[in-house]
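Asker: only geometry, no sequence info:
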């Protein structure tokens, strides 16, 4: 069975991809669209802050995962901690760090604190991206909680 067959449940789910390099963002977006994922581009600190602020009082998750670069994670830490203090449910969305080995040094404190569920290389490699999506598949309880029908059924 291929990864694509195993990842069929991803269809219709949303992921936030926080990548300032628009060429790389478009490549990853096209790749993830083949699996039925809706990719939301938060390609600047302003768009990330606006999205995070809109979730400050939200009662349910929107994104299955958030992929973030180290520089954007550093710029967003204070606001993210403030929103998580007000709404701890925001922290349930897995954060995936996209960084080369050299780029992980400035965010090593974040890694030690457990902010990131997974780490992948940057530029993103297809095999690592699929591996992370496959691992998210293990979280059976998260499968249905991100669609409007599932929320209404609860």
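Answerer: Good, I have the coordinates. These figures come from a predicted structure and were not determined experimentally.
Asker: List the buried residues of the helix or strand where residue 46 lies.
Answerer: Secondary-structure element containing residue 46, defined by DSSP states H and E: helix 45-54. Neighbour-count burial for helix 45-54 flags 45, 48-49, 51-52 (criterion: 16 or more other CB atoms under 10 Å). Bear in mind the C-beta positions are built from the backbone N, C-alpha and C, glycine included.
Asker: next one: stretch 125-141
Answerer: Of the residues in stretch 125-141, those with enough neighbours to count as buried (16+ other CB under 10 Å) are 128-130, 132-133, 136-137.
Asker: Stretch 19-39 now?
Answerer: Within stretch 19-39, the residues that count as buried by 16+ other CB under 10 Å are 19, 24-25, 28-29, 32, 35, 37, 39.
Asker: May I ask which helix or strand of the chain has the lowest mean pLDDT?
Answerer: Evaluated with mean pLDDT, DSSP states H and E, the helix-and-strand set of the chain has its lowest mean pLDDT in helix 148-153, which scores a mean of 48.
Asker: Would you mind listing the outside residues contacting whichever helix in the chain runs longest?
Answerer: As far as residue count goes, and with DSSP state H defining each element, the longest helix of the chain is helix 70-86. Contacting residues not belonging to helix 70-86 are listed as 18, 20, 45, 48-49, 52-53, 55-57, 68, 90-91, 95, 97, 99, 103-104, 106-107, 110, 115 [CB atoms under 8 Å, 6 or more residues apart in numbering].
Asker: Show the subsequent helix or strand relative to it.
Answerer: Proceeding N to C from helix 70-86, the next assigned helix or strand is strand 95-98, under DSSP H and E.
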